[in-house]
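Peer 1: need a 3D model of the following:
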Amino acid sequence: MKNIQTLILFIFYSMTFAQSDLFISTDSFVYVDGTAFTSGPTVAPLFVTDDVNIDTDGHLYLRNEAQLLQSNNVGNAGEGKLSVFQTGNSNTYMYNYWASPVGQNSGSAGNTTTMPSNNFYRETAAPITSTPFTYVAGYDGTTTQIASYWLYTFIGLTTTTNPYEDWVGLGGGSLPVGGDPNGTLASGYGFTMKGNPSGAQKYDFRGRANNGNITVTINPNRETLVGNPYPSALDALPFIHNTHNQNNTTGVLKYWEQQAGATSHVLSNYVGGYALYTISAGGVDSFTAAPFHMYLLDGTVASGPPVGTGSKTGRRYIPIGQGFMMEGTGSATSVVFTNSYRVFYKQSGSSSEFFRDSHDTSSAFAETEYNEDGYNIVPEDFKRFRINVGFDNNGNESYIRQLLMNFHHTATDGFDYGLEAQISEQVASDANWILDDVPYAIQAFNYNIDLKIPLIVNVSNQQLTRFDISDVQNFDEGQPIYIHDKVAGLYINLQNQAYEISLEEGHYTDRFEIVFKSESLSTEEFNDDDFLVMQNNNTAQLTILNPNQLEVKTVTLYDVSGKRIFHEMNLETQDRYHFSTKNLSEGIYVAKVDFANQSSISKKIVVSQNN
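Peer 2: I've put the predicted structure just below:
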């Protein structure tokens, strides 16, 4: 054992400080500066094989993104303190979801419970001087005081019917009692905390460093607020794919993001939602941004219009202090954290982000790459795209539901762990994939050009709805990705253009689907000499030329909202057809021609009034 007896300042430039175990004696300290270190799976500014023992009034300072890694499942000890920073982005009215990397520095060796009044400090003089936060009994925190009312954890109790009732104040107070700064929380559980008027409060977590195996109880089919329990980053890949966690969770991390600029504590004024993150066994991220909802006083999602989309991105390496929701499966008992998930990865790197507003775009790990939009660059054996369904609520703020579709040869028609994620909260106007009548935001299939993927759309009142795609990866050049509007008979290649349509209020379960080939007659089957659909505005007629006397079954005209204008049936075979458009308003329409051989062709026409 190394016994550090005097005041020592460690500043590391090119080497890792490694110990079999570490003892810091009374009134001594170790200072670890992470500035010169580059993130890496085999790098750590401070690596200790066994335990860390910090004696009374001893300190271990981790600064400038330095982190502590340990390998053995041993209990740390001592009444001294490790100190590590994390900065939240929440203002007086906004939550961050946290998890403490330290517990109380007392008692026998091993992980201890977190107590805010004991473990939460604020910096008073850089780089090492801090003083404990004080607490205000009211609702509004300050730069020196935390509003203890908002200290809650979320435990998915099987005895409640409304999930809002699962929020429990630290110290045991249920809603609306609030939290207690002297309340305690076991390591591995997450908690909420609101910020102060600055909106970027730095917290100094001081206490005994958590280490080793940590087990958090979760209940079947319920969510629990958990989080990274260590003073180092956490690699989501081995964490999610640990065999125990695979058998007990859906493998999805849910990150809370709240709309900036909140000005009220009243729940019905909250605007926010959950971003969804999972990762495949091969290290491919799947993420969708948080859709912002409004909430009712009972904590359920309001049925009114959606109000925007989050801007932050979940990534593979989970920063120090980050809390998130996880859902248990039908046989769930617990989720486990181990030292094998720990890695030195700086939050300023592009593969990690505490759910706050900004991050550096530099990348240090080669095994997970991200493009300029923050999306994971998938390997060659994957395909993917994102479909963005936008709702323009009569000129009010637009809302976009982003849905991710993965394709891999390992994917099945059932649930694919690490590749799919359910939607737990939806608003009245929304969209989703579907599996076993359950809505999904992220779905996966084994790619097949004959696939037909249902796209469910809900519209609360008549509004313009827009479909477009982004993040298209590894599709062959020229391969269409169609949205098939079955009612209008349209195949719109989203690779080339977006599709906008005014939809009436309704639940559209069988109107839209994503396909990769059109069943309409292709341009290769017909050219202008074979069959021609055109609008003659001089004569105010829709004209169809059929020189080869093909057997036409029906001719139907739709407006851009999908409303049928006319439907002509029982047509005799002839070389041309004329249909009056004299009484139609100016605008774009879609003419669909169905043939006796079950094929069809659709063409957009423009009706204008010639004077």
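
Peer 1: kindly provide the distance from Tyr577 to Ile544.
Peer 2: 4 Å (Cβ to Cβ, to the nearest Å). For the C-beta atoms, the positions are set from N, CA and C on the backbone; glycine is no exception.

Peer 1: for the two, indicate the residue with more neighbours.
Peer 2: Ranked by neighbour count (other Cβ atoms under 10 Å), Tyr577 and Ile544 place Ile544 first, with 21 against 18.

Peer 1: related to what we said a few turns ago, got any residues that touch both of Tyr577 and Ile544?
Peer 2: Applying Cβ atoms under 8 Å, 6 or more residues apart in numbering, one finds that Tyr577 and Ile544 are jointly contacted by Val552, Val555.

Peer 1: so where is the stretch 251-400 of the chain shaky, pLDDT-wise?
Peer 2: Low-confidence segments of the stretch 251-400 of the chain (pLDDT under 70): 268, 293-308, 349-368, 393-398.

Peer 1: repeat for the stretch 451-600 of the chain
Peer 2: In the stretch 451-600 of the chain, residues with pLDDT under 70: 520-530, 598.

Peer 1: swap the cut-off to 80 and go again
Peer 2: Residues of the stretch 451-600 of the chain that meet the criterion pLDDT under 80 lie in 488-489, 519-531, 560-562, 597-600.

Peer 1: all strands for it, in order.
Peer 2: All strands of the stretch 451-600 of the chain, identified by DSSP state E, counting those that start in this stretch, fall at 452-459, 463-473, 482-485, 490-493, 499-503, 506-515, 532-536, 541-545, 552-559, 564-568, 576-580, 587-595, 600-607.

Peer 1: do you know how far Asn536 is from Asp485?
Peer 2: 26 Å.

Peer 1: pull stretch 374-386 out as CSV, backbone CA atoms only.
Peer 2: Extracted in CSV, the C-alpha atoms of stretch 374-386 (Å, rounded to 0.1, in the frame of the first residue of the first chain):
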residue,chain,number,x,y,z
GLY,A,374,-24.3,14.0,-34.0
TYR,A,375,-25.6,10.7,-35.5
ASN,A,376,-23.8,7.4,-35.2
ILE,A,377,-22.1,6.4,-38.5
VAL,A,378,-23.2,2.8,-38.9
PRO,A,379,-21.0,0.0,-40.3
GLU,A,380,-21.5,-1.4,-43.8
ASP,A,381,-23.7,-4.3,-42.7
PHE,A,382,-26.3,-1.8,-41.3
LYS,A,383,-28.8,0.4,-43.2
ARG,A,384,-30.8,3.1,-41.5
PHE,A,385,-32.9,6.2,-42.0
ARG,A,386,-34.9,8.6,-39.9
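
Peer 1: what lies in contact with that stretch?
Peer 2: 282, 284-288, 313, 315, 350, 368-371, 402-409, 447, 469-475, 481.

Peer 1: next one: that stretch to chain centre, how far?
Peer 2: 16 Å (Cα atoms, centre = their mean, to the nearest Å).

Peer 1: that one: which residues count as buried?
Peer 2: Residues of stretch 374-386 classed as buried: Gly374, Tyr375, Asn376, Val378, Phe382, Lys383, Arg384, Phe385, Arg386 (neighbour count, 16 or more other Cβ atoms under 10 Å).

Peer 1: and the fourth one, what element?
Peer 2: The one in question is Val378. In this assignment (DSSP states H and E), Val378 forms part of neither any helix nor any strand.

Peer 1: where along the stretch 1-150 of the chain do the helices fall?
Peer 2: Remark: helices assigned in the stretch 1-150 of the chain by DSSP state H, counting those that start in this stretch are 116-119.

Peer 1: is the closest residue to Leu584 other than its chain neighbours in a bridge, and if so with what?
Peer 2: Nearest residue to Leu584, sequence neighbours excluded (Cβ to Cβ, 6 or more residues apart in numbering): Val607, at 5.1 Å. Counting by DSSP bridges, Val607 forms beta bridges with Gly587.

Peer 1: my guess is Val607 contacts Lys582. True?
Peer 2: No - the pair Val607 / Lys582 is not scored as a contact, 9.6 Å apart, by Cβ atoms under 8 Å.

Peer 1: more neighbours: those two, which one.
Peer 2: Regarding Val607 and Lys582, a neighbour count based on other Cβ under 10 Å identifies Val607 as having more, with 18 against 9.

Peer 1: how about the strands in the stretch 151-300 of the chain?
Peer 2: So, for the stretch 151-300 of the chain - with DSSP E, counting those that start in this stretch - the strands run 152-154, 167-169, 191-194, 202-209, 214-217, 223-227, 233-235, 253-258, 271-279, 285-288, 293-294.

Peer 1: the ones you listed: which one's closest to Val102?
Peer 2: Proximity to Val102 (Cβ to Cβ) singles out strand 202-209 among these, at 3.4 Å.

Peer 1: just the strands of the stretch 451-600 of the chain: most buried one?
Peer 2: With neighbours defined as mean count of other Cβ atoms under 10 Å, the strands of the stretch 451-600 of the chain peak in mean count at strand 482-485, which reaches a mean of 21.

Peer 1: list the strands paired with that strand, with their directions.
Peer 2: Short version: by DSSP bridges, strand 482-485 pairs with strand 490-493 (antiparallel), strand 506-515 (antiparallel).

Peer 1: among those strands, which is nearest Asp430?
Peer 2: Of those, the one closest to Asp430 (Cβ to Cβ) turns out to be strand 506-515, at 10.4 Å.

Peer 1: for that closest one, which outside residues touch it?
Peer 2: Strand 506-515 has contacts (Cβ under 8 Å, 6+ apart) with 387, 405, 434, 451-459, 467, 481-487, 491.

Peer 1: in stretch 274-287, what counts as buried?
Peer 2: Within stretch 274-287, judged by 16+ other Cβ under 10 Å, the buried ones are 274-280, 282-287.
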